[in-house]
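A.B. asks: need a structure here:
(one chain, ligands or ions: 1)
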Amino acid sequence: MMDIVLISCGKNLLMSQYFLSLSVCLIIFLRNRSIQENGDVKIEQKIDEVSFGKIFAICCTLMVLKSHSLKTFSQKYPPVKFLSEKDRKRILITGGAGFVGSHLTDKLMMDGHELTVVDNFFTGRKRNVEHWIGHENFELINHDVVEPLYIEVDQIYHLASPASPPNYMYNPIKTLKTNTIGTLNMLGLAKRVGARLLLASTSEVYGDPEVHPQNEDYWGHVNPIGPRACYDEGKRVAETMCYAYMKQEGVEVRVARIFNTFGSRMHMNDGRVVSNFILQALQGEPLTVYGTGSQTRAFQYVSDLVNGLVLLMNSNISSPVNLVMSRSQIQFLSEAQDDPQRRRPDIRKAKMMLGWEPVVPLEEGLNKTIQYFSRELEHQANNQYIPKPKAARMKKGRPRHN
Ligand SMILES: O=c1ccn([C@@H]2O[C@H](COP(=O)(O)OP(=O)(O)O[C@H]3OC[C@@H](O)[C@H](O)[C@H]3O)[C@@H](O)[C@H]2O)c(=O)[nH]1
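C.D. replies: Predicted coordinates for the structure are as follows:
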């Protein structure tokens, strides 16, 4: 019976383990038979010897299994720096399985910190952080920040929120809840455990700006009842909450106003201009330009943003900081409502106080992103699923998160 169990275990293992299990079982079987053939051996002795043999076989199999799993675990992860207890921080990243969050997760893990990633997987994806699953410094929690969270941490990077216009407009109430109740919950957590919180705010707090370029002192020009208000106003009130908690409760806060960012792990259906244009170009479809196409933005590659976020978190600056491309045809579509016409950050503050500025040239970043989307398309084609770029319109009829 035991032999059969061992052999059937072997079927689920690698071939080498299978053969090892098989040969150990064979040895036991032969030994068993030789004992049977040797008529003068007592029956008790036979039972003792056989069970010893079987235990030996199980141990061998377990040892092979264990050494295999240890080997794969130690090989599986990207290299992680060793940090002493004193330098190692317990860090929470909300939205840590999303586009920016997962790159931040990579950096902080490789820097040697202990990470808890919280995500409700509305726009985030497990596959963005799956390469860390099982690592002793990493924990992934499926949790919505709209619900309170009770854990012990030293720093909180609060990134949870849909960020692409079609995504945040898809369920405006949910976007508002995430940015208001979600931010209140995370500030409450920061207050309770004495953690520092960095809010991922946005250039959208400037709305359709009347000054150009925008520095951090500009109060913005937002339509409070327009289709983008759920995000713009949600982030504005999130900033207000940060400073209320700082003044009233002494919570340490950092506020990054993030401008247009692109790179790998953007969702195929993200809907922002860079991913849309790349996807359309790769699929030989017309590039969709909303309105005249004369709108302007400042773009940064995701690795630059992530470096800026970490610098800001560990700086002593509590006030907001600004952190900051075929031959396809072009299809002009109607203008998106309240679409900011001109946007460019004034990043003198970040340069002067953090020593930060983007270093990845646009062309290099775009090349990396194009390669990423080509691989994604190949992967999707193999899975018989061809995604379509998402337009900045609200979708109806799909179940929504509450
Ligand atoms: O297919 C498209 C997509 C977008 N666009 C245009 O390209 C410009 C950029 O649009 P995106 O959707 O990429 O991004 P937006 O600048 O509107 O918002 C972004 O800004 C800053 C971030 O913090 C936010 O996450 C995101 O909302 C807009 O003028 C938009 O109308 C197109 O012309 N065609």
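A.B. asks: Wasn't residue 255 part of a helix?
C.D. replies: No: read with DSSP: H, G, I helix; E, B strand; the rest coil, residue 255 is strand and lies in no helix.
A.B. asks: looking at it, it is touching residue 241, isn't it?
C.D. replies: No: in this structure residue 255 lies outside contact range of residue 241 using CB atoms under 8 Å: 10.5 Å. Using the backbone N, CA and C atoms, a C-beta is placed for each residue, glycine as well.
A.B. asks: quick one, which of these two is more surrounded?
C.D. replies: More crowded of residue 255 and residue 241, by other CB atoms under 10 Å: residue 255, with 23 against 20.
A.B. asks: In contact with the more buried one: list those residues for me.
C.D. replies: Counting by CB atoms under 8 Å, 6 or more residues apart in numbering, residue 255 touches 198, 199, 201, 239, 242, 318, 319, 320, 321.
A.B. asks: you'd agree residue 172 is up against residue 230?
C.D. replies: Yes: judged on CB under 8 Å, residue 172 makes contact with residue 230 at a distance of 3.6 Å.
A.B. asks: What parts of the stretch 51-200 of the chain come near the ligand?
C.D. replies: For the stretch 51-200 of the chain, the residues in contact with the ligand (CB under 6 Å from any ligand atom) are 163, 165.
A.B. asks: List the residue ranges of the stretch 51-200 of the chain that fall below the pLDDT cut-off.
C.D. replies: 51-75 (pLDDT under 70).
A.B. asks: Just give me the neighbour total for the closest residue to the ligand within it.
C.D. replies: Nearest residue of the stretch 51-200 of the chain to the ligand (CB to the nearest ligand atom) works out as residue 163 at 3.5 Å. As a burial measure, residue 163 scores 22 neighbours (other CB under 10 Å).
A.B. asks: Please report phi then psi for it.
C.D. replies: The phi/psi pair for residue 163 (degrees, to the nearest 10) reads phi -120, psi -20.
A.B. asks: what's the span of stretch 204-222, first residue to last?
C.D. replies: For stretch 204-222, the first-to-last residue distance is 8 Å (CA to CA, to the nearest Å).
A.B. asks: when you scan that stretch, is anything in it near the ligand?
C.D. replies: Yes: using CB under 6 Å from any ligand atom, stretch 204-222 reaches the ligand at residue 204.
A.B. asks: Give the rounded mean pLDDT of that stretch.
C.D. replies: The average pLDDT within stretch 204-222 is 95.
A.B. asks: Same check on stretch 312-320?
C.D. replies: For stretch 312-320, the mean per-residue pLDDT is 97.
A.B. asks: Return the set of buried residues in it.
C.D. replies: Buried residues in stretch 312-320, counted by 16 or more other CB atoms under 10 Å: 312, 313, 318, 320.
A.B. asks: gap between the third one and residue 247?
C.D. replies: So the one you mean is residue 318. Separation of residue 318 from residue 247 (CB to CB, to the nearest Å): 10 Å.
A.B. asks: Ok, the first one next?
C.D. replies: With distances defined as CB to CB, the gap from residue 312 to residue 247 amounts to 20 Å.
A.B. asks: Got the phi and psi for residue 265?
C.D. replies: The phi and psi values for residue 265, taken as degrees, to the nearest 10, are phi 70, psi 10.
A.B. asks: wait, doesn't it sit right on residue 126?
C.D. replies: No: using CB under 8 Å, residue 265 is not in contact with residue 126; the gap is 12.0 Å.
A.B. asks: More neighbours: which of those two?
C.D. replies: A count of neighbours by other CB under 10 Å puts residue 265 above the other of residue 265 and residue 126, at 22 against 14.
A.B. asks: If I look at that one, what pLDDT would I see?
C.D. replies: Note on residue 265: pLDDT of 96.
A.B. asks: on that earlier part again, between the contacts of residue 255, which is closest to residue 277?
C.D. replies: Closest approach between the contacts of residue 255 and residue 277, by CB to CB: residue 201, at 25.6 Å.
A.B. asks: Could you measure from residue 369 over to residue 248?
C.D. replies: Per CB to CB, residue 369 is found 42 Å from residue 248.
A.B. asks: More neighbours: the two, which one.
C.D. replies: Using other CB under 10 Å as the criterion, residue 369 and residue 248 rank with residue 369 on top: 21 against 9.
A.B. asks: end-to-end on stretch 282-301?
C.D. replies: Distance between the boundary residues of stretch 282-301 (CA to CA) amounts to 20 Å.
A.B. asks: got the buried residues for that stretch?
C.D. replies: Per 16+ other CB under 10 Å, stretch 282-301 contains these buried residues: 285, 287, 288, 289, 290, 295, 297, 298, 299, 300, 301.
A.B. asks: Also stretch 185-198?
C.D. replies: Residues 185, 186, 187, 188, 189, 190, 195, 196, 197, 198 are the ones in stretch 185-198 that count as buried (16+ other CB under 10 Å).
A.B. asks: which ones among the residues you listed are found in strands?
C.D. replies: Judged by DSSP state E, the subset of the buried residues of stretch 185-198 located in strands is 196, 197, 198.
A.B. asks: doesn't residue 254 make contact with the last one?
C.D. replies: In this case it means residue 198. Yes: assessed by CB under 8 Å, residue 198 is found in contact with residue 254 at 4.1 Å.
A.B. asks: okay, and the common contacts of the two?
C.D. replies: 312, 313.
A.B. asks: Just give me the neighbour total for residue 383.
C.D. replies: Residue 383: 8 surrounding residues under other CB under 10 Å.
A.B. asks: Let's see the pLDDT reported for it.
C.D. replies: At residue 383, pLDDT is 74.
A.B. asks: can you tell me how far it sits from the ligand?
C.D. replies: Noted for residue 383: a distance of 24 Å to the ligand, by CB to the nearest ligand atom, to the nearest Å.
A.B. asks: what does the stretch 301-402 of the chain put close to the ligand?
C.D. replies: Close to the ligand, as judged by CB under 6 Å from any ligand atom, the stretch 301-402 of the chain has residues 336, 339.
A.B. asks: low pLDDT regions in the stretch 301-402 of the chain?
C.D. replies: 325-330, 384-402.
A.B. asks: how about a cut-off of 80?
C.D. replies: For the stretch 301-402 of the chain, the stretches with pLDDT under 80 are 325-332, 382-402.
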